[in-house]
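> Have a look at this fold, sequence not included:
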Ligand SMILES: CCCCCCCC(=O)SCCNC(=O)CCNC(=O)[C@H](O)C(C)(C)COP(=O)(O)OP(=O)(O)OC[C@H]1O[C@@H](n2cnc3c(N)ncnc32)[C@H](O)[C@@H]1OP(=O)(O)O
């Protein structure tokens with residue numbers, strides 16, 4: 001993908017993958033391991049796992065990473081270079097340990113769609129997805145839907161309706177679709193359903209055509 005361009009339903013085929021595929025690169029492998037650690041921390045038997053050793057080893061890893069961290073401004077420029085756009089966001093980014101990460105496809109009907117199974121780190125009510133996590137995922141998915149629809153903007157409003165608790169540990173279908181453009185106003189809808197089609201969350205978003213310049 002070239003800088004400043006994004007595949008759209010008008011230019012790309014049904015099924016175009018709109019997110020960065022995880023690669024067999026050290027950064028992707030390290031991030032996947034960090035994601036595994038976050039999940040395992042919540043699952044482990046706190047009485048029996050040696051958490052003193054875990055803390056020491058994890059702090060040593062963090063020390064190593066921080067020793068090699070450039071200035072934030074420099075790192076931001078690097079992040080927003082080239083195809084970097086979708087590698088580090090908190091929903092789809094393979095380089096971001098807090099991203100599930102969700103893979104999204106663009107469909108010929110103008111919508112985007114992906115399937116994800118969320119686990120303990122995303123819990124709100126017992127055994128269910130945190131409402132803020134659902135909103136995070138849908139905000140991002142609507143942003144990608146806008147790009148696929150050919151008109152991007154910043155979220156001004158995200159009206160979120162929680163119809164039933166969203167289950168952890170089972171596949172969830174996430175969708176988004178740009179429905180209208182009126183001057184600078186972009187209206188977009190999205191949803192989270194279970195694999196058998198039960199509607200858990202629906203959103204209506206208002207986006208305003210505006211771009212924050214890339215760091216340089
Ligand atoms: C591919 C990767 C996808 C990633 C997607 C990620 C999505 C995000 O997370 S974006 C980050 C979250 N959003 C933000 O931080 C936005 C913060 N807000 C802003 O920057 C500004 O308020 C912004 C851009 C929304 C609007 O500001 P501005 O450009 O000055 O427009 P402004 O003149 O105020 O409003 C334009 C129109 O929109 C309307 N409008 C603006 N905000 C709202 C709102 N919250 N509710 C209703 N209408 C609104 C205004 O009333 C105005 O309407 P009209 O033209 O009819 O008078």
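That came through, no problem. As the structure is a computational prediction, the values presented were derived from the model and not from experiment.
> and the residue in the chain that the ligand sits nearest to, how many residues sit next to it?
Closest residue of the chain to the ligand, CB to the nearest ligand atom: residue 143 (2.3 Å). C-betas here are computed from N, CA, C, even on glycine. As a burial measure, residue 143 scores 23 neighbours (other CB atoms under 10 Å).
> pretty sure it is in a helix, no?
Yes - applying DSSP: H, G, I helix; E, B strand; the rest coil, one finds residue 143 inside a helix.
> residues contacting it?
152, 155, 207 (CB atoms under 8 Å, 6 or more residues apart in numbering).
> Turn those residues into JSON lines, including neighbour count, distance to residue 65 and secondary structure.
Output for these, formatted as JSON lines (neighbours: other CB atoms under 10 Å; distance: CB to CB, whole Å; DSSP: H, G, I helix; E, B strand; the rest coil):
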{"residue": "152", "neighbour count": "18", "distance to residue 65": "32", "secondary structure": "coil"}
{"residue": "155", "neighbour count": "16", "distance to residue 65": "31", "secondary structure": "strand"}
{"residue": "207", "neighbour count": "25", "distance to residue 65": "34", "secondary structure": "strand"}
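> Might you report the residue contacts of the residue nearest the centre of the chain?
Closest to where the C-alpha atoms of the chain average out (CA atoms, centre = their mean) is residue 91, at 1.0 Å. Going by CB under 8 Å, 6+ apart, residue 91 touches 99, 100, 101, 102, 136, 137, 140, 141.
> Run through this protein and note the low-pLDDT ranges.
1-4, 83-85 (pLDDT under 70).
> Spell out which parts of it neighbour the ligand.
139-140, 143-144, 147, 154-157, 184-185, 206, 208, 210 (CB under 6 Å from any ligand atom).
> Cool, thanks, talk later.
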